[in-house]
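In: Sequence and computational prediction follow.
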Amino acid sequence: MTDHGHDGGTPVPGPGAGTDDSATPRTYTRLVVERDGPVGWLVFDRPARGNAMDAAMLDELEYAWRELDADPEVRVIVNTGNGTAFQTGLDVAQLARDPAALREQSRRTKRSELRLTGHHNKVAKPVIAAVNGVCAGGGLHFVADADIVIASTDAVFLDPHVTVGQVSASEAITLAARMAFEPVLRMVLAGRHERVTAERAYRLGMVSQLVTPPDTLRDAARALASTIARNPPDLLATTKRALWNALEHPGRTSPWHTPNSNT
C-alpha cells in the first residue's frame, strides 16, 4: 500500500486546503490515505480517542475523499478505522477549545453543507464502509452514506445525540430510508442506553455482510472492493448515481430515462 501520512509516519502531499489545486501540499495527520492496486483506503486514525473527529480531521476528510476520487488508479474506496472503534462522532471536548472550528461545523450542519463523507463530497466511485468496532453518533454518517456496509462481528452501533441534549437528524433520516424505519427511531430515541449489535444490524439491513474473525475485516473489504473494481468505472459511477437519486428522490423520473424510452 502507498501511505499518504498519519500520526507517527512520514506525511505525503495531498490536495491543498481551500483550493482545487491537487499539486498543493496536503499533510494528513488524522487519517491514513492509501492505495492498494485499484482500492483506495481512507482510514480514521485517532484510535486513542475512538477515532472521534477533531478540527483537524474535519478539515482533512474533505480533501482525502476528493484526492481518492480524483485518482484514476483508484476504482473503489474502503473507509474503516484504526484501533477498536470505527468512528465515534465529534470530539466535543477538543472542538470546545477551538471555537472557530465549532462554529463552522455548526454552520455546515444547519445549512446541510457537511463535508464528512464520500456522499457529502460527491464522490463518484463506490464507497465501502468496513465497520471494525464502535460506531456512534456522527459516525453513523459514514454508515448511512456508504454505498455498501460490511462489519466485523464485534461492531456495535448507537446514537447518543438525544442523551447529550442534541437532535439526531440527517444520518438517522438517511438510515431510515435505507433500512427498517422503527429500529432506527428506537435507536435514536433510546440514545446511549441501547446498542445495536452487529448481528442485529445485519438482520435489519444496516449492513450486508458480517465478517468473522474480526481481524479479517480488511481482507474481506479488500476482496469485495477488488471484485467491484473489475467492472467499468463509468458504469459503476452512473449506476451509483442513479440509485442514490432514486433513494433521495423517490418517484422522480430518472435523469437517464426519457418519456419515449422503452427501457
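Out: Arrived safely. All figures in this text were calculated on a predicted structure; none of them were measured in a lab. Numbering: from 1, shown residues only.
In: Could you point out the helix or strand that follows the host helix or strand of residue 172?
Out: Using DSSP states H and E, residue 172 sits within helix 170-178. Toward the C-terminal end, the helix or strand that comes next after helix 170-178 (DSSP H and E) is helix 181-190.
In: same for that next one, what does it pack against?
Out: For helix 181-190, the packing partners by 3 or more CB pairs under 8 Å, 6 or more residues apart in numbering; DSSP states H and E come out as helix 170-178. The way it works is simple: take the backbone N, C-alpha and C, and place the C-beta from them, glycine included.
In: Just the residues contacting the helix it packs on, thanks.
Out: 109, 112, 114, 138, 140-141, 143-145, 159, 184-185, 187-188, 205-206, 247-248 (CB atoms under 8 Å, 6 or more residues apart in numbering).
In: one more time with 6 Å, if that's ok
Out: For helix 170-178, contacts defined as CB atoms under 6 Å, 6 or more residues apart in numbering pick out 140, 141, 144, 184, 188, 247.
In: picking that back up, mind listing what's buried along the helix holding residue 172?
Out: 170, 171, 172, 174, 175, 176 (16 or more other CB atoms under 10 Å).
In: Using JSON lines, lay out the residues you listed together with distance to residue 41 and pLDDT.
Out: What follows is the buried residues of helix 170-178, written out as JSON lines (distance: CB to CB, whole Å; pLDDT from 0 to 100):
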{"residue": "170", "distance to residue 41": "25", "pLDDT": "83"}
{"residue": "171", "distance to residue 41": "22", "pLDDT": "89"}
{"residue": "172", "distance to residue 41": "27", "pLDDT": "92"}
{"residue": "174", "distance to residue 41": "23", "pLDDT": "92"}
{"residue": "175", "distance to residue 41": "24", "pLDDT": "95"}
{"residue": "176", "distance to residue 41": "29", "pLDDT": "93"}
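In: show me where the chain has helices.
Out: 55-70, 92-96, 99-110, 140-144, 170-178, 181-190, 198-204, 217-228, 233-248 (DSSP state H).
In: For these, give me TSV that also has distance to residue 127.
Out: Output for these, formatted as TSV (distance: least, CB to CB, whole Å):
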stretch	distance to residue 127
helix 55-70	9
helix 92-96	25
helix 99-110	20
helix 140-144	9
helix 170-178	13
helix 181-190	20
helix 198-204	18
helix 217-228	10
helix 233-248	9
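In: Without its sequence neighbours, what residue ends up closest to residue 135?
Out: residue 86 (4.5 Å; CB to CB, 6 or more residues apart in numbering).
In: For the one you found, give me its contacts.
Out: Contacts of residue 86 by CB under 6 Å, 6+ apart are 131, 132, 133, 135.
In: what's the distance between residue 126 and residue 151?
Out: According to CB to CB, to the nearest Å, residue 126 and residue 151 sit 17 Å apart.
In: More neighbours: which of the two?
Out: Counted by other CB atoms under 10 Å, residue 126 and residue 151 do not tie: residue 151 has more neighbours, with 30 against 23.
In: beta partners of the more buried one?
Out: Judged by DSSP bridges, the bridge partners of residue 151 are residue 131, residue 210.
In: Flag the shaky bits of the stretch 151-263 of the chain, pLDDT-wise.
Out: 252-263 (pLDDT under 70).
In: returning to that earlier point: farthest-separated two in the contacts of residue 86?
Out: By the measure CB to CB, 132 and 135 form the most distant pair in these, at 9.0 Å.
In: These two: which has the busier surroundings?
Out: Comparing residue 132 with residue 135 by other CB under 10 Å, the one with more neighbours is residue 135, at 32 against 28.
In: what separates the more buried one from residue 197, distance-wise?
Out: Distance of residue 135 to residue 197, computed by CB to CB: 12 Å.
In: Please apply the same query to residue 141.
Out: According to CB to CB, residue 141 stands 20 Å off from residue 197.
In: Please identify which of these two sits among more neighbours.
Out: Using other CB under 10 Å, the more surrounded residue of residue 141 and residue 197 is residue 141, with 23 against 14.
In: ok, for the more buried one, nearest residue in space, not its chain neighbours?
Out: residue 171 (4.5 Å).
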